[in-house]
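**Q** here is a sequence with its predicted model. Questions after.
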Amino acid sequence: MPNLQNKPILSRHVWVIYLLSFLLLGVVWYFQWILGFILTVLLAASFYYSVRTERTLLNETEKYISTMSHRIKKVGEEALLEMPLGIILYNEDYQIEWANPYMNQFSDEDDSLIGESLNKLSEDIIPMVKENKESLWLELDGYKFNTIIKKEERLLYLLDRTDQQQLRKLYHNDQTVLSIIFLDNYEEITQNMDDTAKSQLNSEVTTVLNNWSNRYGLYLKRTSQERFLAVGTKEILGQLEKIKFDILDEVREMNGVENNPVTLSIGVGVGNISLPELGELAQSSLDLALGRGGDQVAIKEDQGKVRFYGGKTNPMEKRTRVRARVISHALKELVKASDNVIIMGHKSPDMDSLGAAIGVLNIAKTNNVEGHIVFDPDDVDTGVYRLVDAIKADEELWKYFIDPDRAEEIITNRSLLVIVDTNKPSMVADESLLHKTEYRVVIDHHRRGEDFIDNPTLVYMEPYASSTAELVTELLEYQPKGTKLKMLEATALLAGIIVDTKSFTLRTGSRTFDAASYLRSVGADTVLVQQFLKEDLDLYIIRSKIIERAKIFRDHIAIAKAESGTSYSPVMIAQAADTLLTMTGISASFVISERADGKIGISARSLGKVNVQVIMEKMNGGGHLTNAATQIEDTTIDDSEAFLIDILNEYYEGRESE
């Protein structure tokens, strides 16, 4: 409090006025003493009154300041001791030296926080203090605190934000979620049904979905024979994700015609956006789920990675000849309207990629349009070099193969770019070509992922097809009778089918044999295919060394980790995974190795019981239910193995809890 006792009673300017008055009074006394006497009395009275008034004012001011100081001090003490604000002082050893009474409620009745380590409150505090963090969130007995750290003062402020967090959680949980539910194969199942059977199926599906929606509080509305709209909240979505959308299994277990089960695809839109945008997000999610073969759920947020559930079963062969004919006709029109056709597969092309590219080249030639295949001679795996050598020996065919630099020279904004055997921009032979033209066609048999080629003009993706070569062969059958497939071209297509089906043992449907039969009829040489598939003895021995390092996980999964410091090609580890799958008792195989580009490659194979595509997607890869792979950057082979085992444990724990 300021000391007012030592302060002058009258201010300086008042003293100056009185001094001047005394000087004037002396002059008056000199000329008129009576008047001077009277003025002297008046001036003395005025001086006395001024001094007395100023003294009274100073005393009152001092009393007011003293009272206010006491009140402020009392308020400060109450704020420190009684306000719902936690205050903690700690020493250099991170032990609590003092805590205000508010913090006593978070200690035992007979115990005090004083002398305890900060770890008693949370094990996160000390590391945060050491890292010079300014704040952290702390939970004590159900209360949520925003904790402010003052490291220099060794002081913590705990601000109660429980109500705020509850409101935020309530707002988060009540956000609207739109879902579009689609019966994947409703048309195929009901096309041969009579009205009674169709009505019974509709009633059964509707009953199952209504019971499901009532169980979780969803609003469900059927908008067409094969489409439903469901409206819920984020809280409901969280519950459905915990049980991994068991409605997929419930619907699939319904009996269809000739044991053909009904399956669902669900597209979910989530986010703090408008309802029209939410609807577009849900439709985009449904397209993604259908593009991956159906029988699964795709959840898209306005910001964030897409999440998938389901996809446990191998997608059934349900495409029709009508669709193949329509796509073939549309492709023909695009080819005719283009300046030229540029065909591009994925990096390190395999038999399927090369065979499909050669098939599309024949479509271009049949329609009298110039076509070229983008091919990098420096990016050839050992598994296809025999086919490449055969192509080089055929001068008429080899002249259509160009390197990426040449492709960039001849491509125009009216060129038709056809991408085969991949749908990921990062996987194509030359990604820059995707931006050189407005017309892009995607032909692929892999499931669609989140990373997809932007704005394709035409998409022909059939995840239930054995190979892209099979799809292209069907398209060829509906093209005009122009340039006939040469023996080598037909053989390349057949080789693509044989390699991807493991000699017609995996992912093989009736349409696969139809395509193979067509290729055989136009001259495909099965003996030449076997010559293409032969391998060197040295490579066989190297692959055997990888297989020798295999270990069994969960009694039926083989995991082979190649020797550290040695790089292997993707084809080599894929072949090793295929070989492991042939062993007794093995239902899935994973081979891990270092690659020449410094990444860690993992090749995964399955007989269908284990969905290796879902597992590889969690490692930023992809593929099929039975055939998938990934490449991981900035890691080691040991860390990759540990990562894979964690994901496998999560995969099985999720299924064991279902």
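**A** Received, thanks. Residues are numbered from 1 along each chain as shown.

**Q** domains of the chain?
**A** Split into domains by automatic domain parsing, the chain comes to 12-79, 85-165, 174-310, 321-533, 542-656.

**Q** redo the ones you listed as CSV? Include mean pLDDT and mean neighbour count.
**A** (Each C-beta comes from the backbone N, C-alpha and C, glycine too.) Converted to CSV, the domains of the chain look like this (pLDDT from 0 to 100; neighbours: other C-beta atoms under 10 Å):
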stretch, mean pLDDT, mean neighbour count
domain 12-79, 71, 12
domain 85-165, 80, 15
domain 174-310, 85, 17
domain 321-533, 89, 19
domain 542-656, 89, 18
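
**Q** ramachandran coordinates for Lys336?
**A** phi -60, psi -30 (degrees, to the nearest 10).

**Q** same deal with Ile546?
**A** Per degrees, to the nearest 10, the backbone of Ile546 is at phi -70, psi -50.

**Q** now do the contacts for Phe375.
**A** Residues in contact with Phe375 (C-beta atoms under 8 Å, 6 or more residues apart in numbering) are Pro349, Phe401, Ile402, Asp403, Ala429.

**Q** hey, what's the second one bridged with?
**A** By that I understand Phe401. Taking DSSP bridges, one obtains Ile373 as the residues bridged to Phe401.

**Q** hmm, Val380 and it touching each other?
**A** No - proximity of Phe401 to Val380 does not meet the contact threshold set by C-beta atoms under 8 Å, at 11.4 Å.

**Q** could you check how far Tyr219 is from Asp174?
**A** As judged by C-beta to C-beta, to the nearest Å, Tyr219 and Asp174 stand 14 Å apart.

**Q** Gly267: what's its closest spatial neighbour, skipping adjacent residues?
**A** Spatial nearest neighbour of Gly267, excluding adjacent residues (C-beta to C-beta, 6 or more residues apart in numbering): Leu286 at 2.7 Å.

**Q** isn't the one you found up against Leu264?
**A** No - using C-beta under 8 Å, Leu286 is not in contact with Leu264, being 10.5 Å away.

**Q** nearest residue to the middle of this structure?
**A** Lys305 (2.0 Å; C-alpha atoms, centre = their mean).

**Q** if I look at it, how far off is Lys618?
**A** Taken as C-beta to C-beta, the span from Lys305 to Lys618 is 11 Å.

**Q** ok, now Ile600?
**A** Taking C-beta to C-beta, one finds Ile600 at 15 Å from Lys618.

**Q** equivalent analysis for Gly86, please.
**A** 40 Å.

**Q** how about the strands in the stretch 51-200 of the chain?
**A** Secondary structure of the stretch 51-200 of the chain (DSSP state E, counting those that start in this stretch): strands at 85-90, 96-99, 135-140, 143-150, 155-160, 176-183.

**Q** residues contacting the nearest residue to Ser564 once chain neighbours are set aside?
**A** Nearest residue to Ser564, sequence neighbours excluded (C-beta to C-beta, 6+ apart): Ile637, at 5.2 Å. By C-beta under 8 Å, 6+ apart, the contact set of Ile637 is Lys561, Ala562, Ser564, Ile592, Ser593, Glu594, Ile600.

**Q** for Val262, give me its contacts.
**A** Leu183, Asp184, Asn185, Tyr186, Ile189, Leu201, Val205, Val251, Arg252, Met254, Gly256.

**Q** one more pass at 7 Å, please.
**A** Leu183, Asn185, Ile189, Val205, Val251, Arg252, Met254, Gly256 (C-beta atoms under 7 Å, 6 or more residues apart in numbering).

**Q** shouldn't it be within a strand?
**A** No - under DSSP: H, G, I helix; E, B strand; the rest coil, Val262 sits outside any strand and is assigned coil.

**Q** isn't Asp352 right next to Asp500, touching?
**A** Yes - with contact defined as C-beta atoms under 7 Å, Asp352 counts as touching Asp500 (5.0 Å).

**Q** overlap in contacts of these two?
**A** Ser467.

**Q** what's the closest non-adjacent residue to Thr579?
**A** Ile547 (5.8 Å).

**Q** can you give me the distance of the one you found to Ala490?
**A** Taking C-beta to C-beta, one finds Ile547 at 34 Å from Ala490.

**Q** swap in Ala390?
**A** 13 Å.

**Q** same thing with Glu253?
**A** Distance from Glu253 to Ala490, by C-beta to C-beta: 43 Å.

**Q** can you check Leu475 too?
**A** Look at Leu475 and Ala490: by C-beta to C-beta, they are 14 Å apart.

**Q** pretty sure Gly359 is in contact with Leu476, am I right?
**A** Yes - assessed by C-beta under 7 Å, Gly359 is found in contact with Leu476 at 5.8 Å.

**Q** quick one: Val231 is in a helix?
**A** No - according to three-state DSSP, Val231 belongs to no helix; its state is strand.
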